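Visitor: attaching a predicted model along with its sequence, questions to come.
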Amino acid sequence: MFNKINLSKLFILITAIFVITFGLNIYAQETIKVGILHSLTGPNAPGGQNNLDGCLLAIDIVNGEFPHLPFPLAKTAGLPNLNGAKIEPIIGNTQGEPEFGSAEAERLIMAGVSAIQGAQLSGVTKTGSIVAERNRTPWITACSTSPELTERGFKYFFRTTPTDVTFAENFIIFLKDLNREKNLNIKTIGYVSANTEWGVGTGAALARSAKNHGFDLIVDIKWPDGTADLDSEILTLKRENPDVLFAAVLDSDTLLFTKTAKKLDYNPPALIGFGGGFGTSIDEIPGDNEHYMNRDVFSLDLIDQIPFLKEANDLFKERYNREFNGDSIRSFTTMFVLADAINRAGSGDREAIRQALSETNIAADQLVVTWEGVKFDEKGQNELGRGIVRQIIDGSYKTIWPFDVATIELVYPMATWSEKLK
């Protein structure tokens, strides 16, 4: 009798423990916290807001039901492998400063995020991801393109976008194609940037690629970050006059460069941006920006060539009253990559998510960018990314390269200031 009573009590106790544990587990999986860390105030806030908005739209698609969209997890509400758990965004503001990026990364990790998506500035991503690595928290970046970020031997760092090594090589092949197909005889190039992590790394990548393909880098100018005067730099460019000028500059520098070039009547035959302000602040200088070029990973004039780009852009435009740009669409895409990894991990466990990210293999037909897919190499770099070149023609960016997807002929040389003012 004693044994039966004890066994009965033991069974009740085990059942109670199971019910409590199971209930707690279900409760714990109602939401998975994900950190979103971008510059939301200061001179780089336009790019940060675009990144944040792209993330939030992707999260809402994952949490809701969008059966007509092909993106990972769009067709079901929540994460199916976690009993429909929703992603809960925890937002941080880096203010565009590396030290704030580190502090915000600490705060998000203490708040219990399972992973962090951020940040658009390579210098901020560099410091913030050190904090994440130390705390064994996955960090995935959509827009930080400095090549050195994936050369640090980190286990928890992942990047979906092509690096500036890839973009620089794309640009130089673009110039070779122009010489071969359009007989432009481009020989000399120039480069300008602020003296930042991104600017220095991008310049080094461009210099290597140019040398390997026989182009002469005749001027390489880097100014102090946050400068308020570019007169001497523009006068140097005017004197050297390279056939093509490349620029890795952020929002305020893009506007200052344009204002100064106009004032001093500097007319480069071609001006090509490595993203940055050429993707985010360019709308603030209509007319003055005509014929600027920029690298990107998508273009709205490719809507007929990229399945579901129109549907995704319509959702973005309905919510934010503007269309996708290079920042917002890369963060939109990257949040799906992270959500897919969390779902395959089956939990919010950081180590399980890191392992799932390393095993990611998403096909091109599930993306709205021009990549061949998403698959990370041993360094955490997406090895299937690629870029396109666009030019502002009649007030909007249009695809000019690769030639097999181009929707319009490029203009070279670009219009001079006197021609733009007519």
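Guide: Structure received.

Visitor: list the contacts of residue 227.
Guide: Neighbour list for residue 227: 194, 253, 256 [criterion: C-beta atoms under 8 Å, 6 or more residues apart in numbering]. For the C-beta atoms, the positions are set from N, CA and C on the backbone; glycine is no exception.

Visitor: where do the helices sit along the stretch 251-400 of the chain?
Guide: Counting by DSSP state H, counting those that start in this stretch, residue ranges of the helices within the stretch 251-400 of the chain are 251-263, 277-280, 309-320, 326-345, 350-358.

Visitor: nearest to residue 99, out of those?
Guide: Set against residue 99 and scored by C-beta to C-beta, the helices of the stretch 251-400 of the chain come closest in helix 251-263, at 19.4 Å.

Visitor: just the CA trace of that closest one, in CSV.
Guide: Written as CSV, here are the backbone C-alpha positions of helix 251-263 (Å, rounded to 0.1, in the frame of the first residue of the first chain):
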residue,chain,number,x,y,z
ASP,A,251,24.6,61.4,-46.6
SER,A,252,26.0,64.8,-45.5
ASP,A,253,29.2,64.3,-47.6
THR,A,254,27.2,63.5,-50.7
LEU,A,255,25.3,66.8,-50.4
LEU,A,256,28.4,68.8,-49.5
PHE,A,257,30.4,67.3,-52.4
THR,A,258,27.6,68.1,-54.9
LYS,A,259,27.2,71.7,-53.6
THR,A,260,31.0,72.3,-53.7
ALA,A,261,31.4,70.7,-57.2
LYS,A,262,28.7,73.0,-58.5
LYS,A,263,30.2,76.1,-56.9
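
Visitor: that helix - what's its average pLDDT?
Guide: The average pLDDT for helix 251-263 rounds to 95.

Visitor: try stretch 202-222
Guide: Stretch 202-222 shows a mean pLDDT of 97.

Visitor: neighbours of residue 281, how many?
Guide: Residues near residue 281, counting by other C-beta atoms under 10 Å, number 22.

Visitor: any idea how far the closest residue to it other than its chain neighbours is from residue 61?
Guide: In space, and not counting its chain neighbours, residue 281 is closest to residue 251: 4.1 Å by C-beta to C-beta, 6 or more residues apart in numbering. Relative to residue 61, residue 251 is positioned 28 Å away (C-beta to C-beta, to the nearest Å).

Visitor: go on, residue 225?
Guide: 36 Å.

Visitor: which one of those two is surrounded by more residues?
Guide: Using other C-beta under 10 Å, the more surrounded residue of residue 225 and residue 61 is residue 61, with 22 against 14.

Visitor: which residues does that one contact?
Guide: By C-beta under 8 Å, 6+ apart, the contact list for residue 61 reads 69, 71, 73-74, 315, 336.

Visitor: what's the local residue count around the residue nearest to residue 281?
Guide: Residues lying near residue 251 (other C-beta under 10 Å) number 24.

Visitor: quick check, it in contact with residue 48.
Guide: No. Assessed by C-beta atoms under 8 Å, residue 251 is found out of contact with residue 48, at 9.9 Å.

Visitor: quick one: end-to-end length of stretch 371-388, please.
Guide: Start to finish, the residues bounding stretch 371-388 are 10 Å apart (C-alpha to C-alpha, to the nearest Å).

Visitor: and for stretch 73-81?
Guide: Length of stretch 73-81, first residue to last, C-alpha to C-alpha: 10 Å.

Visitor: that stretch: which residues count as buried?
Guide: For stretch 73-81, the neighbour count (16 or more other C-beta atoms under 10 Å) marks 73-74, 78-79 as buried.

Visitor: quick one: it to chain centroid distance?
Guide: Centre-to-centre, stretch 73-81 and its host chain are 24 Å apart (C-alpha atoms, centre = their mean, to the nearest Å).

Visitor: same question for that stretch, mean pLDDT?
Guide: The average pLDDT within stretch 73-81 is 95.

Visitor: where among the helices of the stretch 251-400 of the chain is average confidence lowest?
Guide: Among the helices of the stretch 251-400 of the chain, helix 277-280 scores lowest, at a mean of 85.

Visitor: what about the stretch 51-200 of the chain, any weak spots by pLDDT?
Guide: Applying pLDDT under 70 to the stretch 51-200 of the chain flags no residue at all.

Visitor: domain ranges for this structure?
Guide: For the chain, the structural domains run 27-162+305-374, 165-296+388-420, going by automatic domain parsing.

Visitor: between the buried residues of stretch 73-81, which sits nearest residue 35?
Guide: residue 79 (16.9 Å).

Visitor: about what we covered before: so which of the helices of the stretch 251-400 of the chain gets nearest residue 130?
Guide: Counting by C-beta to C-beta, residue 130 lies closest to helix 350-358 out of these; the figure is 15.8 Å.

Visitor: can you dump the C-alpha atoms of the closest one in CSV for me?
Guide: The C-alpha coordinates for helix 350-358 follow below in CSV (Å, rounded to 0.1, in the frame of the first residue of the first chain):
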residue,chain,number,x,y,z
ARG,A,350,21.8,31.9,-29.8
GLU,A,351,24.1,29.0,-30.5
ALA,A,352,21.4,27.1,-32.3
ILE,A,353,20.7,30.2,-34.4
ARG,A,354,24.4,30.6,-35.2
GLN,A,355,24.6,27.1,-36.4
ALA,A,356,21.4,27.5,-38.5
LEU,A,357,22.8,30.7,-40.1
SER,A,358,26.0,28.8,-41.1
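
Visitor: tell me what that helix is packed against?
Guide: Secondary-structure packing of helix 350-358 (3 or more C-beta pairs under 8 Å, 6 or more residues apart in numbering; DSSP states H and E): helix 326-345.

Visitor: try 10 Å
Guide: strand 115-118, strand 139-141, strand 157-159, helix 326-345 (3 or more C-beta pairs under 10 Å, 6 or more residues apart in numbering; DSSP states H and E).

Visitor: any chance of the ones you listed in TSV with mean neighbour count and distance to residue 400 as columns?
Guide: Formatted as TSV, the helices and strands packed on helix 350-358 follow (neighbours: other C-beta atoms under 10 Å; distance: least, C-beta to C-beta, whole Å):
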stretch	mean neighbour count	distance to residue 400
strand 115-118	30	31
strand 139-141	29	27
strand 157-159	26	26
helix 326-345	26	15
